[in-house]
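**Q** Following is a predicted model, sequence given first.
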Amino acid sequence: MKTGFYPGCSMKGSAREYSESLLAVAGALGRTLPEVPDWNCCGATAAHNLDPDLALALPARILAAAENVGMEEVLVPCAACYSRLKVTRHELLEDEQLRQRISGLVEADYRGSTEVLNILEWLSRVPELEKHVKKPFQRKVACYYGCLLVRPAGIVKFDRPEDPQTMDLLMRKLGAEPIDWAFKTECCGAGFSVSRTDLVAKLSGHILEDAVSRGAEAMIVACPMCHLNLDMRRPNIEKRAGKKISIPVIYITQALGLAMGLPAKKLGLHRHKVAVKISAANAAAKDI
Amino acid sequence: MARIGVFICHCGENISATVDVKKVAAAAARIPGVAHSVEYKYMCSDPGQQLVKNAIREKNLTGVVVAACSPRMHEPTFRRACAEAGLNPFLCEMANIREHCSWVHEKGDATTEKAVDIVRTLVAKVKKNKALQPIQVPVTKVALVIGGGIAGIQSSLDIANAGHRVILVEREPSIGGHMSQLSETFPTLDCSQCILTPRMVEVAQHPNITLYSYAELESLDGFIGNFKARIRKKARSLDETLCTGCGLCMQKCPTRRIPSEFDAGLGLRPAIYVPFPQAVPNKPVIDREHCTYYRTGKCRLCEKICPTQAIRFDQPDEIVEVDVGAIVLATGFDIKHSDFFPEYGYGRYPDVIDGLQFERLASASGPTLGEMRRPSDGKVPETVVFIACAGSRDPAKGIEYCSKICCMYTAKHAMLYRHKVHGGKPYVFYMDVRAGGKMYEEFVRRAMEEEGVQYVRGRVSRVFERNGKLVVKGADTLLGARPIEIEADLVVLATAAVAQPGAEELAQKLHVSYDTHQFFAEAHPKLRPVETNTAGIFLAGACQAPKDIPESVAQASGAAAKVAALFSQAELVRDPLIAVVDRQAPPVYSSCVGCFLCQSACPYQAIEKEEIRGRDGQLIKTVAKVNPGLCQGCGTCVAFCRTKSIDIQGFSHEQVHAEVLALLNRGERDA
Ligand SMILES: Cc1cc2nc3c(=O)[nH]c(=O)nc-3n(C[C@H](O)[C@H](O)[C@H](O)COP(=O)(O)OP(=O)(O)OC[C@H]3O[C@@H](n4cnc5c(N)ncnc54)[C@H](O)[C@@H]3O)c2cc1C
Ligand code: SF4
């Protein structure tokens, strides 16, 4: 199975550590993740607000590029990019005329053979993942999925939209104890991160407070946007809440890397705003 | 020489909007053997039928083809018209150019051509039709009613009061159905048990009604007027003739912590039990799955205590065979339980309950004796949130339809709560309130305006537990989609009403159709709402679709009237569209070689052996013979017969062959 990798903009910028930890983990698992050649922006939130054709054309070009070099699936770790690629694939395959028109626009034909995978799907397919665990992640964790991994349910057809389980199962394999909570798919504020930080402070604040009140020691995420809001916007959240909230926010790939015994530096843990007080040699120690 | 009349119907615009009916009539007139061809707006109307009758008489027709709707719809109508004009009704055929043509194609020449082709095949067939005589069958004037909820009870009483015998089969230990679980009923708030139990007693005492409770239908054979039902009487583990219903056994049974089905899991019952004190019959059953004796081989306390020695631990199930002429299906409905909803906690929170559980909490005979106390800790809830449309009207959950009863019972629940907890705060989240029915809107208005129930128009996205409270997150769409959070002590889900578990299996046993949601299907959604597509089987109550009590009772009486009408005839007339085995003059007698493959193939056991004997009584040949009373005309034997000795009357090899040829040779013939 030839699997390609679509980083998108965030994995090269604000979420560098997500990319670093993913590639470190993939290397340790003996997998290569070649980037989709000559990839472009997925359109993000901007394109589908402005121009429906553009919103489909940008991801279509990416998919066509992957298909042309024989990639059977593309791993899209950013949940927002994943959503755009997945929705585009769905719409083009539903409507042959549309597919032809969009292919014409980008001068590249996407025939639909290349599948789109999110990070949780990719990790779930690793056989006997638990065998790679050297330092069990013995922590209570809050698995936070955000909105885009599981929605729209009819299109992504991934996990239960109201109460997903995939990340919980993965974390269990790493030795962690996922908490049972109701904010798994609540909104973090998403793109309002820039324009309405007050809203983000409120929504992300609710998420963190609930996780903490149920005894979670770390937030586990699989989306750069969620990470940004829960981590980088922590000062705004704390200001609104009027108290310190020190729970770290860790990408699932970082958690896996720690459990596999990879050094914290390689996993980019030092890049977070909220300190992750974990020594690479001692992931299991209770010193977060 | 054949003289066929072709009558083409516009069906208003149903056909004529896509098919050029004038062209069809002209083309039909050119088919050899057609002596008359006309079109008309509504052929099934009185003047339309008159056209057919007049043509038969004036043109001396030998066969009729009506090109119109499905034979399911109007074949009986036109066959009757032909008979009235003196033509054997089986010389009339329907060419279905509506369901098979105009409804499924767009307007155009090809569609018109297809209609002509359909007419052509039927003309070819009708030329080979033979005059047939209907079959007369006797009627067994006993009705079988399956399901003893309010609908089954009402049907049984009505049929019994019309003077016919009724066998009522109920799966549970007592009759009563869901109505027996309800506290008070909308829109009048009268006590459910008080109006129901007198009817239950009437059933038990009626000389015309035989009640088999704790029993189920095992299998059904036969046809309208002549069904044979096998009923499994599950072992109660006691001798009913000895049991006096004193209840001592239930008091002494040491195995007492079994969740009570009647109390929707909120109360407990012993292993030997009646579901509720007013049960009919008032005789307990032993729940063998939980009984200590059946599980460990020790106990038998009830046997020791029973003053009449009625307990029978080794009692087997019993199969009873009955002959019945008609069947009323009244097996009711079920509701989705709270564990169906991930967003509301998957049944993890004991204080997120469903509507039936609320009924039991509000009922004077319930686990709290009618006091409003929540299941988890017995606290009186200060704030209660009711969520309407939990699952209903939600294609994502696979339940697209409106459950119909929940808007009303939710208003009732909120009101009952206010009556019991005066300072309590009830909220109702709803999509829109559906309260069509006599005094229904007024009832809901009363809840909103006089009883202080807060109605919030919006959906609830999530219910979760925080600091001992249930947090209900939703939106108020009338206040600009403002998100709201309510901290509740109890949450009541008006969960979707769904088909009974086992409905599909039962329908298959009875050869009754059902819809995608396993509700039994009526023969026509508007004009035949109480009949099924299987003659002699009728529907009553919520087994057809969610219904409230008034509707269930009305339909139950409708079904009873249908049964009474059927039983008013001494004999039934059946279409003779059944299999026949070839018979010829000596010396061949029959082309049947007596292999009897057909016998093993026939699903209705309709094939018998017949010995053909000479004048001297010597056996010449043993051949197959079809019992006309049992044969359903399915044609399975025809496919199996190696010598082509069996034919279905009205669908003979010759007729079907003629139809195929007519299609193959189109164009050549009527060029
Ligand atoms: C929470 C709630 C509150 C309600 N409140 C009201 C109200 O206030 N007013 C109102 O008018 N309506 C109310 N209803 C609706 C009412 O319950 C129904 O209209 C009524 O029960 C329908 O009667 P039924 O006989 O068709 O079905 P059921 O009551 O479901 O009875 C069916 C019977 O058939 C039996 N059965 C099932 N399968 C088989 C089988 N295979 N063989 C033999 N027997 C079988 C069952 O055991 C049961 O006894 C309420 C419903 C709910 C859920
Ligand atoms: S009756 Fe009311 S609550 Fe029930 S499904 Fe229909 S609209 Fe929703």
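**A** The structure has been received and is ready for your questions. Ligands and ions are numbered 1, 2, ... in the order given.

**Q** Which residue lies closest in space to residue B:566, excluding its sequence neighbours?
**A** Of all residues not flanking residue B:566 in the chain, residue B:326 sits nearest, at 5.3 Å (Cβ to Cβ, 6 or more residues apart in numbering or on different chains). No exception for glycine: its C-beta is placed from N, CA and C like everyone else's.

**Q** thought that neighbour was touching residue B:563?
**A** Yes: the pair residue B:326 / residue B:563 is scored as a contact, 4.5 Å apart, by Cβ atoms under 8 Å.

**Q** Spit out the residues that contact those two alike.
**A** Contact criterion Cβ atoms under 8 Å, 6 or more residues apart in numbering or on different chains; residues shared by residue B:326 and residue B:563: B:143, B:538.

**Q** got the residues of chain B near chain A?
**A** Contact residues (Cβ under 8 Å from any Cβ of the partner chain) of chain B with chain A: B:342-343, B:346, B:348, B:396, B:462-466, B:471.

**Q** ok, residue B:118 touching residue B:95?
**A** Yes: counting by Cβ under 8 Å, residue B:118 touches residue B:95, with 4.8 Å between them.

**Q** Residues of chain A that sit close to chain B?
**A** So far as Cβ under 8 Å from any Cβ goes, chain A lies against chain B at A:153-154, A:160, A:162-163, A:180-182, A:186, A:210, A:213.

**Q** Among those residues, which one sits closest to ligand 2?
**A** Among those, residue A:162 lies closest to ligand 2 (Cβ to the nearest ligand atom), at 18.8 Å.

**Q** contacting residues for the residue nearest to residue B:388 when sequence neighbours are not counted?
**A** Counting by Cβ to Cβ, 6+ apart, residue B:430 is the residue found nearest to residue B:388 once chain neighbours are left out, at 4.3 Å. By Cβ under 8 Å, 6+ apart, the contact list for residue B:430 reads B:388-389, B:407, B:410, B:455-457.

**Q** Among residue B:118 and residue B:95, which residue is more densely surrounded?
**A** A direct count of neighbours by other Cβ atoms under 10 Å in any protein chain shown for residue B:118 and residue B:95 places residue B:95 higher, at 30 against 22.

**Q** Show me what that one is bridged to.
**A** When assigned by DSSP bridges, residue B:95 has beta-bridge partners residue B:67.

**Q** how much space is there between it and residue B:124?
**A** Per Cβ to Cβ, to the nearest Å, residue B:95 is found 11 Å from residue B:124.

**Q** cool, and residue A:272?
**A** Counting by Cβ to Cβ - residue A:272 and residue B:124 are separated by 83 Å.

**Q** try residue B:513
**A** Residue B:513 sits 31 Å away from residue B:124, going by Cβ to Cβ.

**Q** Residue A:167 too?
**A** Applying Cβ to Cβ, the value for residue A:167 to residue B:124 is 67 Å.

**Q** quick check, residue A:253 in a helix?
**A** Yes: Residue A:253 sits within a helix when classified using DSSP: H, G, I helix; E, B strand; the rest coil.

**Q** wait, what's in contact with residue B:576?
**A** For residue B:576, counting by Cβ under 8 Å, 6+ apart, the contacting residues are B:90, B:132-135, B:628, B:649-650.

**Q** Try it again at 7 Å.
**A** Residues in contact with residue B:576, defined by Cβ atoms under 7 Å, 6 or more residues apart in numbering or on different chains, are B:132-135, B:649.

**Q** who wins for most neighbours among the residues you listed?
**A** residue B:649 (20 neighbours).

**Q** unless I'm mixing things up, that residue is touching residue B:575, no?
**A** No: taking contacts as Cβ atoms under 7 Å, residue B:649 lies outside contact range of residue B:575: 9.1 Å.

**Q** and the gap between the spatially most central residue of chain B and residue A:202?
**A** Nearest to the geometric centre of chain B sits residue B:520, at 3.1 Å (Cα atoms, centre = their mean). Distance from residue B:520 to residue A:202, counting by Cβ to Cβ: 51 Å.

**Q** How about residue B:328?
**A** For residue B:328, the distance to residue A:202 - Cβ to Cβ - is 59 Å.

**Q** Run through the helices of the stretch 101-250 of chain B in chain order.
**A** Here the stretch 101-250 of chain B has its helices, by DSSP state H, counting those that start in this stretch, at B:109-128, B:150-161, B:192-205, B:248-252.

**Q** Would you mind listing the buried residues in the third one?
**A** Applying a neighbour-count criterion of 16 or more other Cβ atoms under 10 Å in any protein chain shown, the buried positions in helix B:192-205 are B:192-193, B:196-197, B:199-200, B:202-203.
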